[in-house]
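> show me how the following folds:
(chains A and B)
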Amino acid sequence: EAGVAQSPRYKIIEKRQSVAFWCNPISGHATLYWYQQILGQGPKLLIQFQNNGVVDDSQLPKDRFSAERLKGVDSTLKIQPAKLEDSAVYLCASSSLGTGTDTGELFFGEGSRLTVL
Amino acid sequence: RKEVEQDPGPFNVPEGATVAFNCTYSNSASQSFFWYRQDCRKEPKLLMSVYSSGNEDGRFTAQLNRASQYISLLIRDSKLSDSATYLCVVNRLASSYKLIFGSGTRLLVRP
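Just a heads-up that it's a prediction; the model follows:
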């Protein structure tokens, strides 16, 4: 079974530039999450989708971050304009929550590592 | 106060040692608890769920104390391959499945 796919794996930009990350979850997983992981910290939830609806975006800095999951499958996370403190790994995860077969497990992609100079 | 708190470590132990990690959570309504493992520069992966009665998976034992709001992970007979960061994960609310991660405890197992 294919895992969660993310791209790009690495991105280096200058502050005030924009960047977009893409995620394709495991087939059939209704719930998709974007987490931000700063070095030395645990993953911090940015946004959670169930199908194409937002369940929680309370910690998403909406003045600069946006995310969408238009067809309930893959998702894009955008940062515009980027700040130095956005340097982090952006992890996408999916789960079967909401499909009746939920085990409570999150499956993560390998992450997109962003460096803002 | 953070919702999920862990001792960051690192715990530096010899092979064969027994090591225990604790985690405390602040929301008494939390319902589900997990330990995830994260290798250096890799994504987190589920190690084990934590059940109220405690549960064991090989060398790993997880315990939950709801009254004191803490979770523990015990690793017996440590292997070099156990070196990783162990993340405590808590479901924030009973009505919504929102997983909150601790900052992780780093374990180094030396030969």
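> all strands of chain B, in order?
B:4-6, B:11-14, B:19-25, B:33-38, B:45-50, B:55-57, B:60-65, B:70-75, B:84-91, B:99-101, B:105-110 (DSSP state E).
> mind listing what's buried in the helix or strand of chain B with the lowest mean pLDDT?
Within chain B, no helix or strand scores below strand B:99-101, which has a mean of 89 by mean pLDDT, DSSP states H and E. Across strand B:99-101, burial judged by 16 or more other C-beta atoms under 10 Å in any protein chain shown covers B:99-101. Any C-beta I mention is one placed from the backbone N, CA and C, and that applies to glycine too.
> restrict those residues to contacts with chain A.
Among the buried residues of strand B:99-101, the residues lying close to chain A (C-beta under 8 Å from any C-beta of the partner chain) are B:99-101.
> quick one: the least confident helix or strand of chain B to chain centroid distance?
Strand B:99-101 sits 12 Å away from the centroid of its parent chain (C-alpha atoms, centre = their mean, to the nearest Å).
> contacts for that strand?
Here strand B:99-101 makes contact (C-beta atoms under 8 Å, 6 or more residues apart in numbering or on different chains) with A:33, A:35, A:42-45, A:106, B:3-4, B:25, B:32, B:34, B:36, B:44, B:87-92.
> grab the nearest non-local neighbour of residue 108.
You didn't pick a chain, so chain A it is. Nearest residue to A:Phe108, sequence neighbours excluded (C-beta to C-beta, 6 or more residues apart in numbering or on different chains): B:Glu43, at 3.8 Å.
> can you look at chain B instead?
Per C-beta to C-beta, 6+ apart, closest to B:Leu108 is B:Asn12, 4.7 Å.
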